[in-house]
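*Asks:* based on what follows, work out the 3D shape:
(one chain, ligands or ions: 2)
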Amino acid sequence: MSLFQKFTDGLKKTRNSLAEKIDSLFKKERSTHFHQELETILLSSDMGPKVVTKLISDLKEWERSDQSSPFSDARAFIIDQIARSFPEKPAIWESGTPHLPMVILVVGVNGAGKTTTVAKLAARFKNEGKSVILGAGDTFRAAAIKQLELWGERLSVPVVHQKEGADPASVAFDTVKAAISRKIDIAIIDTAGRLQTKNNLMSELSKIYRLVVREMGNAPIETLIVLDATIGQNAISQVRHFGEAVPLTGMILSKMDGTSKGGIAVGLSREFNLPVRFIGVGEQSADLLEFEPDLFAKSIFQSEN
Ligand SMILES: Nc1nc2c(ncn2[C@@H]2O[C@H](COP(=O)(O)OP(=O)(O)OP(=O)(O)O)[C@@H](O)[C@H]2O)c(=O)[nH]1
Ligand SMILES: [Mg+2]
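*Replies:* Numbers count the residues shown, from 1 in each chain. Ligands and ions are numbered 1, 2, ... in the order given. Down below sits the predicted model:
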């Protein structure tokens, strides 16, 4: 299956709701309400009013400047604008720091999909031939530690863990230390779900982060927030609060397969100028796609025919 097919497949629900409505809008004669109708369709995908208002005004501007453009080019214009609205991925993701592992701290609210995403990332890096170690930083529940251990067994990836109730910062510390001493390429640390408004839990997260940074001698680390794409605009508050506790370097939108409102990816990156690194499109370890703005925009907007 091509990458584009994986995107269209994973984003099927958003595509079905969006591309179909856009198809019918473009099939009929252009009405005087064209922009209004387009605006309603775009808003229905949860892109957020700021992004949609900007898109429509850019479209009008483009139409004014280029009278010769056929009506259907408006669709290509929108796809292009959306693809270009995502920030560039910083280079650290590709390079990492020589002699040090790449450390990825995975954060987010309860049930967002963190642990599954940790496993998906591990599977992905392993497939690329890299060595991976996992840290069971969710020490709140014994079941959470077990869940990660099971993934570790399934993927043949070592998991650093302590007992239930242990200090999560200490688990994170052990994981990084183990990765450095065993010369492992990538250390991925799972954390417990926490509500973004619980200050004590957010300070605990800052503590985990500080300890990892100290152990890494200030080499950059990836801090990725996992957001359940089906929850809609509450994701904005999550990114804001988590971003105050730890410097976020990217977002992972999980459960994209379960929502018709995948447009949230556009609104979120615009709001925070934060790249979407991956999207989750299912419950299996292979159901993680590296985010490609171009493929994303095409798969939710392009006509089937
Ligand atoms: N359909 C679908 N389900 C997903 C995806 N990612 C995670 N899930 C499911 O969402 C549920 C919660 O996933 P977890 O990975 O346990 O979430 P978590 O953030 O670790 O949860 P807590 O540790 O309790 O905070 C599980 O049933 C996963 O299988 C996805 O991309 N698509
Ligand atoms: Mg978990």
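*Asks:* please report how far the closest residue to residue 108 other than its chain neighbours lies from residue 59.
*Replies:* Nearest in space to residue 108, with sequence neighbours left out and distances taken as CB to CB, 6 or more residues apart in numbering, is residue 226 at 4.0 Å. Glycine gets a C-beta too; all of them are placed from N, C-alpha and C. Relative to residue 59, residue 226 is positioned 33 Å away (CB to CB, to the nearest Å).
*Asks:* give me the more crowded residue out of the two.
*Replies:* Between residue 226 and residue 59, residue 226 has the larger neighbour count (other CB atoms under 10 Å), namely 29 against 18.
*Asks:* contacts only, for the residue of the chain found nearest ligand 2.
*Replies:* With CB to the ion as the measure, the residue in the chain that lies nearest ligand 2 is residue 115; the distance is 3.3 Å. With contacts defined as CB atoms under 8 Å, 6 or more residues apart in numbering, residue 115 is in contact with 138, 144, 147, 148, 151, 190.
*Asks:* beta partners for the last one?
*Replies:* Think residue 190. Beta-bridge partners for residue 190, by DSSP bridges, are residue 136.
*Asks:* tell me the pLDDT at it?
*Replies:* With respect to pLDDT, residue 190 scores 98.
*Asks:* quick one, what contacts residue 158?
*Replies:* Under the criterion of CB under 8 Å, 6+ apart, the contact list for residue 158 reads 133, 134, 152, 178.
*Asks:* any idea whether the last one is helix, strand or coil?
*Replies:* Put plainly, it is residue 178. helix (DSSP: H, G, I helix; E, B strand; the rest coil).
*Asks:* interface residues of this protein facing ligand 1?
*Replies:* When proximity is defined by CB under 6 Å from any ligand atom, the chain lies next to ligand 1 at 108, 110-116, 138, 144, 193, 254-255, 257-258, 280-283, 287.
*Asks:* buried members of those into ChimeraX, please.
*Replies:* Those of the residues of the chain next to ligand 1 that meet the burial criterion (16 or more other CB atoms under 10 Å) are gathered into one ChimeraX selection, given here:
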select :108,112,113,114,115,116,138,144,193,254,255,257,280,281,282,287
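*Asks:* just the ones of the residues of the chain next to ligand 1 in helices?
*Replies:* Applying DSSP state H to the residues of the chain next to ligand 1, the entries found in helices are 114, 115, 116, 144.
*Asks:* pick out the most distant pair among those residues.
*Replies:* Pairwise distances among those were taken by CB to CB; the largest, 11.7 Å, belongs to 116 and 144.
*Asks:* look up phi and psi at the residue nearest to residue 254 when sequence neighbours are not counted.
*Replies:* Nearest residue to residue 254 in three dimensions, chain neighbours excluded: residue 113, at 3.2 Å (CB to CB, 6+ apart). Its backbone dihedrals place residue 113 at phi 120, psi 20, with angles given as degrees, to the nearest 10.
*Asks:* report pLDDT for the residue of the chain closest to ligand 2.
*Replies:* According to the per-residue confidence, residue 115 scores 98 in pLDDT.
*Asks:* so residue 278 touches residue 289, yeah?
*Replies:* Yes. Distance between residue 278 and residue 289: 6.4 Å, which falls inside the contact criterion (CB atoms under 8 Å).
*Asks:* residues of this structure that sit close to ligand 2?
*Replies:* Selection of the chain residues close to ligand 2 by CB under 5 Å from the ion yields 114, 115.
*Asks:* one more time with 6 Å, if that's ok
*Replies:* Taking CB under 6 Å from the ion as the test, the list of the chain residues beside ligand 2 reads 114, 115, 138, 144, 190.
*Asks:* any idea of the pLDDT on the third one?
*Replies:* Read that as residue 138. 97.
*Asks:* so how far is residue 251 from it?
*Replies:* 19 Å.
*Asks:* then the fourth one?
*Replies:* The spacing between residue 144 and residue 251, counted by CB to CB, is 22 Å.
*Asks:* repeat that for the first one.
*Replies:* Separation of residue 114 from residue 251 (CB to CB) stands at 12 Å.
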